[in-house]
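Visitor: fold the following.
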Amino acid sequence: MSLIIAYVGKKGCVMASDKRKIGYFGDKENLATLEKELYDGKIDNDDDFLKRASELGISIKITDDANKIKIIGNTIRGEVSTKGTFETRRRRIYGTTNGYQIVELLGSDTESRQAGENGVIIFGNDYAKRLAQTLIKREWKSSQSLRYMGEIFQGILEEVASKTPTVGDKVDILMQQPKFNKSEAQKHLNITIDHDIKVLTKFRQGLTEQLIQQSKEIEMANKILNKGEVGRVVQIDGDMLFVQLNNKTQAVDGNWKQLAGPGQNVLMFTESDNVKIGDKVIIENEDLCLKKDKSSLRCDIILCSL
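Guide: Numbers count the residues shown, from 1 in each chain. Below is the predicted model:
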């Protein structure tokens, strides 16, 4: 759900984009019906879109705050993306004075990369692109300044937005005018794009590591003991007790790092003066206590099952 229009030439690069994102939730077949009607131009405003989605039992979330274009050095990058089951497919255009490159990515892997020197490039669904192309042919004059081209692109985006809910009426416009000849432009684009994809790769690696850590935390949190036997007292030193864990219990810290395994001792504290060697330690009603008289115990560790 995007429309990006870019001009690249000897004057520089100007790029305009809407800010709309649409999220769908519902039956796949009904969703396919809704999308076909949308992309065929049968739904021409937000109210009708919401009404038709409701008729098909599809929940939708529309936002107009996405940043689809960005300045990177002397280059402007525009991106449209589609989220699949396992990977995100990205289509990017990088533009500067006298040069552009279009890059297709699956995840952070480059599937295709093509270069050009000048022209007007449009990213979007077929219906929105056809509308934009018709308006560009009507408005376009090659002698115009980049700033004026940006104003034309803004007007085109707003007019397309009035005819299809796939495009929003909030618009971003960016311009870059470095002094590059055609050869310098492609060299600069190659360096910029290679670095940008490396940044994406590192981001995805970091996200993967974060998801793995979150999965581990959820797994460990589900193992926290809230009832049952923990171990037995093997040593007493004033209010300090050394408790030997049974063969089903481990102790971990706040980062889920194991501090003691089955058969090893952990430190606990008591206010009772009626503790004996061999007393069993349990968790009952989520409270750590002695089994024989339910006197409370404290510890600075997390008790989990294996």
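
Visitor: tell me the buried residues in stretch 289-304?
Guide: Counting neighbours by 16 or more other C-beta atoms under 10 Å, one finds that the buried residues in stretch 289-304 are 289-290, 297, 299, 302-304. No exception for glycine: its C-beta is placed from N, CA and C like everyone else's.

Visitor: CA atoms only for that stretch, dumped as PDB, please.
Guide: Written as PDB, here are the backbone C-alpha positions of stretch 289-304 (Å, rounded to 0.1, in the frame of the first residue of the first chain):
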ATOM      1  CA  CYS A 289       8.500 -22.100  53.200                       C
ATOM      2  CA  LEU A 290       9.400 -25.100  55.400                       C
ATOM      3  CA  LYS A 291       7.100 -28.000  54.800                       C
ATOM      4  CA  LYS A 292       6.700 -28.900  58.500                       C
ATOM      5  CA  ASP A 293       5.300 -25.600  59.800                       C
ATOM      6  CA  LYS A 294       4.900 -23.400  56.700                       C
ATOM      7  CA  SER A 295       7.400 -20.800  58.200                       C
ATOM      8  CA  SER A 296       8.500 -18.400  55.400                       C
ATOM      9  CA  LEU A 297      11.900 -18.500  53.700                       C
ATOM     10  CA  ARG A 298      13.600 -15.900  51.500                       C
ATOM     11  CA  CYS A 299      16.100 -16.200  48.700                       C
ATOM     12  CA  ASP A 300      17.600 -13.900  46.000                       C
ATOM     13  CA  ILE A 301      17.400 -16.500  43.200                       C
ATOM     14  CA  ILE A 302      14.700 -17.800  40.900                       C
ATOM     15  CA  LEU A 303      13.700 -21.400  41.400                       C
ATOM     16  CA  CYS A 304      12.700 -23.200  38.200                       C
END
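
Visitor: same question for stretch 68-80, mean pLDDT?
Guide: When pLDDT is averaged along stretch 68-80, the result is 94.

Visitor: now do the lowest-mean-pLDDT helix or strand in the chain: distance to the chain's middle.
Guide: Least confident element among the helices and strands of the chain, by mean pLDDT, DSSP states H and E: helix 182-221 (a mean of 81). The chain centroid and the centroid of helix 182-221 are separated by 12 Å under C-alpha atoms, centre = their mean, to the nearest Å.

Visitor: helix or strand next in line after it, which one?
Guide: Using DSSP states H and E, the helix or strand that follows helix 182-221 in sequence is strand 228-237.

Visitor: point out where the stretch 101-250 of the chain drops to low pLDDT.
Guide: 142, 207-209, 212 (pLDDT under 70).

Visitor: count the neighbours of the nearest residue to residue 145 once chain neighbours are set aside for me.
Guide: Closest residue to residue 145 apart from its sequence neighbours, by C-beta to C-beta, 6 or more residues apart in numbering: residue 11 at 7.4 Å. Residues lying near residue 11 (other C-beta atoms under 10 Å) number 17.

Visitor: wouldn't residue 261 be in contact with residue 246 here?
Guide: No. With contacts counted by C-beta atoms under 8 Å, residue 261 stays clear of residue 246, the gap being 10.9 Å.

Visitor: returning to that earlier point: list the contacts for the residue nearest to residue 145?
Guide: Residue 11 makes contacts with 97, 145-146, 177, as judged by C-beta atoms under 8 Å, 6 or more residues apart in numbering.

Visitor: can you give me phi and psi for it?
Guide: phi -80, psi -20 (degrees, to the nearest 10).

Visitor: just list whatever residues bridge to residue 21.
Guide: When bridges are called by DSSP bridges, residue 21 pairs up with residue 63.

Visitor: that one and residue 78: what is the separation?
Guide: In this view, residue 21 and residue 78 are 15 Å apart by C-beta to C-beta, to the nearest Å.

Visitor: so between the two, which is more surrounded?
Guide: residue 78 (26 against 16).

Visitor: for residue 60, pull up the helix or strand it's in.
Guide: Short version, using DSSP H and E: residue 60 is in strand 59-63.

Visitor: pLDDT on that strand, on average?
Guide: 91.

Visitor: from now on call the first residue 66
Guide: Taking 66 as the first residue, the last one we looked at is strand 124-128.

Visitor: tell me how many other residues surround residue 201.
Guide: 16.

Visitor: what do you get for residue 328?
Guide: Residue 328 has 11 neighbours, counted by other C-beta under 10 Å.

Visitor: now do the SS call for it.
Guide: coil (DSSP: H, G, I helix; E, B strand; the rest coil).

Visitor: ramachandran angles for it?
Guide: Torsion angles, degrees, to the nearest 10, at residue 328: phi 90, psi -10.

Visitor: how close does it sit to residue 310?
Guide: Using C-beta to C-beta, residue 328 is found at 7 Å from residue 310.

Visitor: repeat that for residue 107.
Guide: From residue 107 to residue 310 the distance is 66 Å (C-beta to C-beta).
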